[in-house]
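Student: give me a model of this one.
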Amino acid sequence: MVSRKKDTYWHSLAKVLLEMGLKPASVAKCIKEVFPLSEVTGRHVGAYNRRLKTEGIATDRPTKPTINMNEALSISQSMVNDEDMFVYNSSVGAMKRTLKCFEMKLILEAESSEDDIDTWIGTLTQ
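Tutor: Alright, predicted model coming up:
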């Protein structure tokens, strides 16, 4: 079976920032600034960086960053395209719907448990 590499909404931003010499932890901070509810960490960015190196895409990176963190944060906002933002918003929306369903399930279970307890107490007092 052949493994298939996939790109997510934050990969293009991470690639550009990594090419500018930023460390994975700094890139993750920039991603968090643009996509605040994402779960991307420095480890994710580091793994993506290794993937770029093994695929031969990442070559001749500067050892020192060519931009500072403030510049990286400011250009990160402008680098995100509508498609990436749509994918991010879709994934966040899916997470919110899943949590809402879980919340409803817990509420229904709690209400049915309360009814069962009330019925049981009612049988004890009779």
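Student: shaky segments in this protein?
Tutor: 1-6, 58-60, 110, 113, 124-126 (pLDDT under 70).
Student: hey, which helix is longest across it?
Tutor: In the chain, with assignment by DSSP state H, the single longest helix is helix 82-125.
Student: distance check, the nearest residue to residue 43 once chain neighbours are set aside against residue 48.
Tutor: Residue nearest to residue 43 in three dimensions, not counting chain neighbours: residue 24, with 7.6 Å by CB to CB, 6 or more residues apart in numbering. Using the backbone N, CA and C atoms, a C-beta is placed for each residue, glycine as well. Separation of residue 24 from residue 48 (CB to CB, to the nearest Å): 8 Å.
Student: same check, this time on residue 84
Tutor: On the measure of CB to CB, residue 84 and residue 48 end up 15 Å apart.
Student: got the phi/psi numbers for the residue nearest the centre of the chain?
Tutor: In the chain, the centroid-proximal residue (CA atoms, centre = their mean) is residue 38; its distance is 2.6 Å. The phi and psi torsions at residue 38 (degrees, to the nearest 10) take the values phi -70, psi 160.
Student: what's near enough to touch it?
Tutor: 10, 31, 32, 88 (CB atoms under 8 Å, 6 or more residues apart in numbering).
Student: helix or strand for the third one, which one?
Tutor: It refers to residue 32. Using DSSP states H and E, the element containing residue 32 is helix 24-34.
Student: list the buried residues for that helix?
Tutor: Using 16 or more other CB atoms under 10 Å as the test for burial, helix 24-34 gives 24, 26, 27, 28, 29, 30, 31, 32, 34.
Student: name the nearest residue to the fourth one, ignoring sequence neighbours.
Tutor: Nearest residue to residue 28 in three dimensions, chain neighbours excluded: residue 42, at 4.5 Å (CB to CB, 6+ apart).
Student: ok, that neighbour touching residue 24?
Tutor: Yes: between residue 42 and residue 24 a contact is recorded at 4.5 Å, counting by CB atoms under 8 Å.
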